[in-house]
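**Student:** Sequence and predicted model, in that order:
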Amino acid sequence: MGFDNHNKVSVTGPVDLFRPGGPIHPIRVAKLLDETLGSVRELKTAPVDGNILLYQQIGDEQEVLAVRFSDVYSASQAAEITAAYDDLIAAKPNFYTSSAQKRNRSSTPAFYAGFWQRFTSKPFLSRAADKQSPEILAKLDHLLLLLDKYVAQKTLGILKQHYPALWQKQKDTLEWLHQQPKIAKLLEARPALRNSLWACLAVKMGGSERLHIDSSDPAELMTAIFAMGDFEGGELELPTTGYRIPVQPGQVLFAKTRILPHNTAPILSGTRYAFTGFTDSIIVDQAKGL
Ligand SMILES: O=C(O)CCC(=O)C(=O)O
Ligand SMILES: [Fe+2]
């Protein structure tokens, strides 16, 4: 399965996958996880370089939990992207961070750009990517175009080559989303909102230091996590698997963040631009015609 040149990290399973049904309150999740995980915090660090496949063996089956690709984008591409983010922030956009989000996973607010469905009947565009001045939207769209060109398209190609089933699901889901009449109309005016890999992107400085699950995400797909800047630490910790996985500039990590409790390890020094590409489970279900 997967890459021949992967560092294969086998988890001594079975991993206690977290599969609560229905809507979950973020704070309740953290409490539940603390109760179930207790003091399981002694984690091994996966290799910093190369590709990584983290899986658990269940009988004859290998279930992929996380996969990290290296050398996806270059240092100069990262520099262009972080400069575009700095330029956006300098224009003081409204983050529209709700009080629930503030108490949620991170001490720094995230800028959410893209589509959600959550509990509404139709997918909608996040307010931060919508209700801004034309000048700010132009800066945001410039950033989103760079991210699609340098990170998302390339990663999608790698996914297709090595994980065709996952690639197919991701592609079908996003195609369905982009064909929804209201969204299709929006994309005509703002093509930058079309992304090959995620429905909604969160960008922030720092990390998600509080243990959580990404409760809107589908259990069967993976969230894309990548980080830019010059920093030490900030690995993605997956306590139920016993591993923390470094995510350095140039790398893209996919993880089943709906069923694997996770948090960012402390950032020991430097500046970390954090990017998380989410997909919404309601969008996935609707795309499948459920
Ligand atoms: O920044 C990271 O490494 C993790 C981000 C994350 O878990 C999230 O945004 O939900
Ligand atoms: Fe997360």
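**Tutor:** On my side now, so go ahead. Ligands and ions are numbered 1, 2, ... in the order given.

**Student:** What residues does the stretch 151-290 of the chain have near ligand 2?
**Tutor:** Proximity of the stretch 151-290 of the chain to ligand 2 (Cβ under 5 Å from the ion) is limited to residues 214, 257. Glycine gets a C-beta too; all of them are placed from N, C-alpha and C.

**Student:** got the residues of the stretch 151-290 of the chain near ligand 1?
**Tutor:** When proximity is defined as Cβ under 6 Å from any ligand atom, the stretch 151-290 of the chain approaches ligand 1 at 202, 207, 208, 214, 225, 236, 262, 264, 274, 276.

**Student:** For residue 112, give me its contacts.
**Tutor:** 96, 126, 128, 129, 200, 201, 202 (Cβ atoms under 8 Å, 6 or more residues apart in numbering).

**Student:** Revised request: answer the last question for residue 68.
**Tutor:** 46, 51, 52, 245, 247, 251, 252, 253, 254.

**Student:** hmm, 10 Å instead?
**Tutor:** Taking Cβ atoms under 10 Å, 6 or more residues apart in numbering, we find residue 68 in contact with 6-7, 9, 46-47, 50-54, 225-226, 236, 245-248, 251-255.

**Student:** For the stretch 151-290 of the chain, which segments are assigned as strands?
**Tutor:** For the stretch 151-290 of the chain, the strands defined by DSSP state E, counting those that start in this stretch cover 200-205, 223-228, 231-233, 236-238, 243-245, 252-255, 263-264, 267-270, 273-278.

**Student:** Just put these in JSON lines and tack on mean pLDDT and mean neighbour count.
**Tutor:** Output for the strands of the stretch 151-290 of the chain, formatted as JSON lines (pLDDT from 0 to 100; neighbours: other Cβ atoms under 10 Å):
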{"stretch": "strand 200-205", "mean pLDDT": "96", "mean neighbour count": "22"}
{"stretch": "strand 223-228", "mean pLDDT": "96", "mean neighbour count": "25"}
{"stretch": "strand 231-233", "mean pLDDT": "97", "mean neighbour count": "16"}
{"stretch": "strand 236-238", "mean pLDDT": "94", "mean neighbour count": "23"}
{"stretch": "strand 243-245", "mean pLDDT": "93", "mean neighbour count": "23"}
{"stretch": "strand 252-255", "mean pLDDT": "95", "mean neighbour count": "25"}
{"stretch": "strand 263-264", "mean pLDDT": "94", "mean neighbour count": "22"}
{"stretch": "strand 267-270", "mean pLDDT": "97", "mean neighbour count": "12"}
{"stretch": "strand 273-278", "mean pLDDT": "96", "mean neighbour count": "23"}
